[in-house]
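1. what follows is a protein structure lacking sequence information:
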């Protein structure tokens, strides 16, 4: 009985639609307009994000005032500004030394550890143990081509020496100020960055 009723109901609906075919035309037109509007809004948002990223600038007082998670977001956004479309913040519990990951326009994989100091230079210095964590996970676990530690504070001399020995990169407060000002991408500010993975017009 249920099957008979179902078949009868479907037949009645089909007959009604055949008789009132214009309803389908209206529904299709509304759906097309709604879909077009959604696509247009999505394109507008993407264009706005691109414009915002191109003009992104930070001053050191702005970066100092951030929460550590906000600092990681800022580093991610700076990488996106410089052309790393896949830049993502991955920091948090169990991040294994990676707060931001990104692939630059040259195909190199970046793994960045962020060390925010609310008091800037007056805060505790980034030391060798912080670099050791990055050195132990960036390449082996995260597949980094470029392993970087970024801080708005100080870095100890032994930590700088360790970074050089282990082919790690340190972005201290001075380098961060230049990078955040928007004058040059990060890879132009660091020494001994690996060569591009793929040929480009810039390589």
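-> Yep, it's here. Keep in mind that what you see is a predicted model, and the values were worked out from it rather than measured.
2. my guess is residue 88 contacts residue 102. True?
-> Yes: with contact defined as CB atoms under 8 Å, residue 88 reaches residue 102; the gap is 7.3 Å. Yep, even glycine has a C-beta here, placed from its N, CA and C like the rest.
3. these two: which is more packed in?
-> Neighbours were counted for residue 88 and for residue 102 using other CB atoms under 10 Å; residue 102 has more, 25 against 13.
4. using the three-state scheme, assign the residue nearest to residue 55 when sequence neighbours are not counted.
-> Closest residue to residue 55 apart from its sequence neighbours, by CB to CB, 6 or more residues apart in numbering: residue 182 at 7.8 Å. Secondary structure for residue 182, judged by DSSP: H, G, I helix; E, B strand; the rest coil, is coil.
5. ok, residue 182 - how many residues close by?
-> Residue 182: 15 surrounding residues under other CB under 10 Å.
6. sec struct for residue 6, please.
-> Secondary structure, three-state DSSP: residue 6 is helix.
7. so how far is residue 12 from it?
-> Distance, residue 6 to residue 12, using CB to CB, to the nearest Å: 11 Å.
8. what sits closest to residue 104 if chain neighbours are left out?
-> residue 84 (5.3 Å).
9. what do you get for residue 83?
-> Nearest one to residue 83, counting by CB to CB, 6+ apart, is residue 105 at 4.4 Å.
10. so the one you found touches residue 80, yeah?
-> No: with contact defined as CB under 8 Å, residue 105 and residue 80 do not form a contacting pair (11.5 Å).
11. which of those two has more neighbours?
-> Set residue 105 next to residue 80 and count neighbours by other CB under 10 Å: residue 80 wins out with 20 against 16.
12. my read is that one is in a helix, agree?
-> Yes: using three-state DSSP, the assignment for residue 80 is a helix.
13. and it, how close does it get to residue 164?
-> 28 Å.
14. mind checking the SS state of residue 35?
-> helix.
15. ok, residue 134 next?
-> What three-state DSSP gives for residue 134 is helix.
16. in terms of helices and strands, where is the residue nearest to residue 83?
-> For residue 105, there is no host helix or strand (DSSP states H and E).
17. backbone dihedrals for it, please?
-> Dihedral pair for residue 105: phi -60, psi -10, per degrees, to the nearest 10.
18. distance of it from residue 77?
-> From residue 105 to residue 77 the distance is 16 Å (CB to CB).
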